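Engineer: would you be able to build a 3D model of this:
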Amino acid sequence: MASIGFIGVGNMGGPMARNLLKAGHAVTAFDLSEALLKTMADAGAKTAGSAAEAALEVDVVITMLPAGQHVKSVYVGEVLGHAKPGALFIDCSTIDVESAREVAAAAAEKGFPMVDAPVSGGVGGAEAGTLTFMVGGPEEAYEAARPFLDVMGKTIVHCGGAGNGQAAKICNNMMLGIQMISVAEAFVLAEKLGLDHQKLFDVSSKASGQCWSLTTYCPVPGPVPTSPANRDYQPGFTAAMMLKDLKLSQDAAGAFDADTALGRHAMSLYEAYAGAGNEGVDFSGIIKMIREAAG
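Structural biologist: As a prediction, this is how the structure comes out:
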């Protein structure tokens, strides 16, 4: 069993760290929230007073942080100067590709193997240990990280070199944002046409309109009982998080000269939705705004 420093134990990081504890690993947790640290201590983890302290004398450092600037600050400002030689770094945050590659280069320069391993699957997947990991980094670092990712996830895909995990996550979530809007628009049109929600679901879930946003995360109550639509859009994945990922996709599109017109339009719709006070609402709740716009 390994010793792990886990930095960032919020809605996603907390369940992931607890699954590592359940698997028998020794976890030292750090977060800016004292309440979250108490939850981790109650689960059997040690707690640290800083990111640097969490990285001391551990075999693996795992991070789950909000944005690129936080990842750079934690690794370059704290972890690199305090981790023991050869410690493995796994960053599970969703950040921009440039920052991921910058931090990986800084780690490599100091002799630390590192992968970027953003996740898909939401809080439910984190709790169940069924996340999908999109991993970027050298083959050797990927193989070293795989046993820990297997504890926290079900599907682990090595996407290539440093930053490619982030690239896969950004592309995937751009598709997700576009698809949710398309599904929401279709249900609103069905309402206008007098077509029952369940009937549309029964057809499209078995026809060419089938997608995850329909069959797993249907934005109307009824057809998929576990979707947020059945609990007044309490979040599994907030509108603010979707907007963050869509902005990352458009930043990348601009930087690499890619034309993503639908991604750009999806971002503008989520900007309007989140900006109307819905940042903490599930992203599938955008159907309410689409319905209102349709009169």
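Engineer: how about the closest residue to Ile95 other than its chain neighbours, what does it touch?
Structural biologist: Nearest residue to Ile95 in three dimensions, chain neighbours excluded: Gly68, at 4.0 Å (Cβ to Cβ, 6 or more residues apart in numbering). The C-beta positions use only the backbone N, C-alpha and C, and glycine is treated the same way. Gly68 sits next to 95-96, 98-100 when contact means Cβ atoms under 8 Å, 6 or more residues apart in numbering.
Engineer: ok, now how distant is the residue in the chain sticking out farthest from the centre from Leu200?
Structural biologist: Ranked by distance from the centre of the chain (Cα atoms, centre = their mean), the top residue is Gly194, with 36.8 Å. Applying Cβ to Cβ, to the nearest Å, the value for Gly194 to Leu200 is 11 Å.
Engineer: Ala35 should be in a helix, yeah?
Structural biologist: Yes: counting by DSSP: H, G, I helix; E, B strand; the rest coil, Ala35 is found in a helix.
Engineer: tell me which element the closest residue to Glu139 other than its chain neighbours falls in.
Structural biologist: Using Cβ to Cβ, 6+ apart and skipping the chain neighbours, the partner closest in space to Glu139 is His158 (7.4 Å). Using DSSP states H and E, His158 falls within strand 153-160.
Engineer: any residues touching that strand, and which ones?
Structural biologist: Residues contacting strand 153-160 (Cβ under 8 Å, 6+ apart): 119, 121, 125, 129-136, 139, 142, 146, 149-150, 165, 167-168.
Engineer: now with 10 Å?
Structural biologist: 16, 19, 92, 115-121, 125-126, 128-139, 141-143, 145-146, 149-150, 164-169, 171 (Cβ atoms under 10 Å, 6 or more residues apart in numbering).
Engineer: so how do I select the buried members of these in PyMOL?
Structural biologist: Of the contacts of strand 153-160, the buried ones go into a single PyMOL selection, burial set by 16 or more other Cβ atoms under 10 Å:
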select buried, resi 16+19+92+115+116+117+118+119+120+121+125+126+129+131+132+133+134+135+136+137+138+141+142+145+149+164+165+166+167+168+169+171
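Engineer: mark which of the contacts of strand 153-160 are part of strands, please.
Structural biologist: 115-116, 119-120, 131-136 (DSSP state E).
Engineer: just give me the closest of these to Phe283.
Structural biologist: Ranking the ones in strands among the contacts of strand 153-160 by separation from Phe283, with Cβ to Cβ as the measure, puts Ser120 on top at 13.2 Å.
Engineer: gap between the closest residue to Met134 other than its chain neighbours and Ser120?
Structural biologist: Using Cβ to Cβ, 6+ apart and skipping residues adjacent in sequence, the residue nearest Met134 is Ala168, 3.9 Å away. Counting by Cβ to Cβ, the gap from Ala168 to Ser120 is 9 Å.
Engineer: got any residues that touch both of the two?
Structural biologist: With Cβ under 10 Å, 6+ apart as the test, Ala168 and Ser120 both reach 132-134.
Engineer: out of these, which is nearest to Ile287?
Structural biologist: Thr132 (24.8 Å).
Engineer: ok, now which ones touch Ala239?
Structural biologist: Taking Cβ under 10 Å, 6+ apart as the definition, contacts of Ala239 comprise 177, 233, 270-271, 273-286, 289.
Engineer: 8 Å - rerun?
Structural biologist: 270, 273-274, 278-283, 285-286.
Engineer: circling back: in its sheet, what does the strand holding His158 sit against?
Structural biologist: strand 131-136 (parallel) (DSSP bridges).
Engineer: which parts of the chain are strands?
Structural biologist: 3-7, 26-30, 46-47, 60-63, 88-91, 114-116, 119-120, 131-136, 153-160.
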